[in-house]
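Novice: sequence and predicted structure are below.
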Amino acid sequence: MKRILLLCLSLACVGLQAKTRKAVFVIIDGVPADRIEQLRPPTLMSIAKAGHYSRAYCGGDVGCYNETRTISAVGYTNILTGTWFNKHNVKGNSNIEENYSYPTVFRIAKDQPRSVSTALFSSWTDNRTILLGEGREETRCLKIDYVCDGYDNDTLAYPHVPGDLHLRDIDGRVCDEAAKCIAANAPDLSWIYLWYTDDAYHQYGYGKFTDEAVLNADRQLAPVWDAIQKRQKETDEEWLVIVTTDHGRDVWGRSHGRQSQSERTVWMICNQKKLNRQFFRPTLSHVDIAPTICRWMGFERMEEIQTEMDGIPFVGKTDIYGLRAEPYDREVTLRWQHEGPNATAQIFVATTNDFARGKSDKWTKAGETDAKKKEFRLNLDDYGRSDFYKFLVCTPSTTLNCWLKK
């Protein structure tokens, strides 16, 4: 199966890169999609004008094995790993016990045979020390090259003030440092995190105050976008810029964490014009960001990791999406959606989840079919009795996975 996946991944590559590719993603915490659409913040709209804007979703699939809480650190980890909670195991913002067997895009970057420089600009230190796991044995002692964080712990420079307004000032510092670093050093992969908007919504809900908080975050981000545009104009670099939020909000705008439609609805902006259909489908989600960055950057050694990512790239070619498993007695029908030219879909089954323990699963090829048929039927008895099954459907441009568990 490894040989087949290698072929699929090689065919899915974007192509020979005439320019040096860079990627930066920005998370603006807890900003509802409807406010972005109403306010049309100038910096975000400038990025969207260069590329596209779309609504997306978070929270996994309601009532299924991958249902995921709509909470901040959970959302960040969905984005970082391209997986839902059932894999990365981040349940909330505290007492985090992350499963580092599912690597973040930063660890993937550092595992490349070539040198890839990384940067983090963040107001919350746990993003680096816990979610990315910098320096931990489980992440092979991951090291971020450029770090600007810890300002939330600097009470001398940023004393805590009522309304958490010091976080607004910290976000400004984060953006200023990011702009300077990008202008001077152009890290290959960067993450920028802005915190204050979520705090503002928790305190005030929907209203003029939080509208201004969103617009202020947009103004703070402007120097970063300016620095990227300048580098694209003056160097041989081509930048992928993705801006999103980590969760939606309840009807009042004060809370989140559950599975209401408004809490599950997020938004995404990308500066690239040539995006595939996934960016415009209802299935666009948090978990599509990591595989998009990996494909854009031409990352290698992705065979086994790709089998576990729950998202698909929105750059380059894709042709299948929306995989689900439907059991009936001992038969299972795998169903998916298909768009574009026909291709051969190859189907694999595993009855273990050893990947979650840092090992490899044994995959058995179940067969192949035309992707345009959108389904494949198999008998579980052919693979032995188990309470757990993993399925893969692979075409030359797309890899989908799903679970079936009792």
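Specialist: Cool, the structure landed. Numbers count the residues shown, from 1 in each chain.

Novice: ok, Ala227 - contacts?
Specialist: Applying CB atoms under 8 Å, 6 or more residues apart in numbering, one finds that Ala227 lies in contact with Ala179, Lys180, Ile182, Ala183. In short, each C-beta sits where N, CA and C put it, glycine included.

Novice: the residues you listed in helices, which ones?
Specialist: Per DSSP state H, helices hold the following members of the contacts of Ala227: Ala179, Lys180, Ile182, Ala183.

Novice: about what we covered before: can you put the contacts of Ala227 in JSON lines and add neighbour count and distance to Glu237?
Specialist: Listed next are those as JSON lines, based on neighbours: other CB atoms under 10 Å; distance: CB to CB, whole Å:
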{"residue": "Ala179", "neighbour count": "22", "distance to Glu237": "15"}
{"residue": "Lys180", "neighbour count": "15", "distance to Glu237": "17"}
{"residue": "Ile182", "neighbour count": "26", "distance to Glu237": "10"}
{"residue": "Ala183", "neighbour count": "15", "distance to Glu237": "12"}
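
Novice: quick one, domains of the protein?
Specialist: Following automatic domain parsing, one finds the domains of the chain at 21-308, 320-405.

Novice: nearest residue to Leu221 other than its sequence neighbours?
Specialist: Thr43 (5.0 Å; CB to CB, 6 or more residues apart in numbering).

Novice: buried residues, the helix or strand harbouring the one you found. List them.
Specialist: For Thr43, the enclosing helix or strand under DSSP states H and E is helix 42-50. Applying a neighbour-count criterion of 16 or more other CB atoms under 10 Å, one finds Thr43, Leu44, Ser46, Ile47, Ala48, Ala50 buried in helix 42-50.

Novice: just stretch 53-67 next, same as before
Specialist: Within stretch 53-67, the residues that count as buried by 16+ other CB under 10 Å are Tyr53, Ser54, Arg55, Ala56, Tyr57, Cys58, Gly59, Gly60, Asp61, Asn66.

Novice: looking at that stretch now, give me its mean pLDDT.
Specialist: Averaging pLDDT along stretch 53-67 gives 98.

Novice: how about the helices in the stretch 301-406 of the chain?
Specialist: 303-308 (DSSP state H, counting those that start in this stretch).

Novice: quick one, strands of it?
Specialist: 320-328, 331-338, 344-350, 364-370, 375-379, 388-394, 399-405 (DSSP state E, counting those that start in this stretch).

Novice: dump those strands into CSV; add distance to Thr245, mean neighbour count and mean pLDDT as well.
Specialist: Below are those laid out as CSV (distance: least, CB to CB, whole Å; neighbours: other CB atoms under 10 Å; pLDDT from 0 to 100):
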stretch, distance to Thr245, mean neighbour count, mean pLDDT
strand 320-328, 22, 16, 98
strand 331-338, 26, 18, 98
strand 344-350, 34, 21, 98
strand 364-370, 38, 15, 98
strand 375-379, 35, 16, 98
strand 388-394, 30, 22, 98
strand 399-405, 25, 19, 97
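
Novice: need those strands in a markdown table (columns: distance to Asn78).
Specialist: A markdown table is the format used below for the strands of the stretch 301-406 of the chain (distance: least, CB to CB, whole Å):
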| stretch | distance to Asn78 |
| --- | --- |
| strand 320-328 | 17 |
| strand 331-338 | 21 |
| strand 344-350 | 23 |
| strand 364-370 | 29 |
| strand 375-379 | 28 |
| strand 388-394 | 19 |
| strand 399-405 | 15 |
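
Novice: which one of these lies closest to Gly133?
Specialist: strand 399-405 (23.2 Å; CB to CB).

Novice: paired strands for the closest one, with orientation please.
Specialist: strand 388-394 (antiparallel) (DSSP bridges).

Novice: show residues contacting the partner strand.
Specialist: Contacts of strand 388-394 (CB under 8 Å, 6+ apart): 4-5, 8, 307, 320, 323, 325, 332, 334, 336, 345-353, 361, 363, 376, 380, 383, 399-406.

Novice: against Gly316, how distant is the residue most central in space within the chain?
Specialist: Nearest to the mean C-alpha position of the chain, by CA atoms, centre = their mean, lies Ile79 at 2.5 Å. The gap separating Ile79 from Gly316 is 19 Å, by CB to CB, to the nearest Å.

Novice: picking up where we left off before, which of the domains of the chain sits most buried?
Specialist: Compared across the domains of the chain, domain 21-308 shows the largest average neighbour count, a mean of 20 (mean count of other CB atoms under 10 Å).

Novice: mind checking how far that one is from the chain centre?
Specialist: 8 Å (CA atoms, centre = their mean, to the nearest Å).

Novice: quick check: end-to-end length of that domain?
Specialist: 25 Å (CA to CA, to the nearest Å).

Novice: before we move on, back to that, any idea which of the ones in helices among the contacts of Ala227 is closest to Ser101?
Specialist: Using CB to CB, those come closest to Ser101 at Ile182, 31.4 Å.

Novice: which non-adjacent residue is nearest that closest one?
Specialist: Using CB to CB, 6+ apart, the closest residue to Ile182 is Ala227 (4.5 Å).

Novice: and Asp198, what element?
Specialist: Going by DSSP H and E, Asp198 is in helix 196-204.

Novice: for the stretch 101-250 of the chain, which segments are assigned as helices?
Specialist: Counting by DSSP H, counting those that start in this stretch, the helices of the stretch 101-250 of the chain are 105-110, 126, 165-185, 196-204, 208-234.

Novice: what are the contacting residues of the fourth one?
Specialist: By CB under 8 Å, 6+ apart, the surrounding residues in contact with helix 196-204 are 28-32, 72, 123, 163-165, 167-168, 170-171, 209-210, 213-214, 216-217, 246, 249, 253-255.
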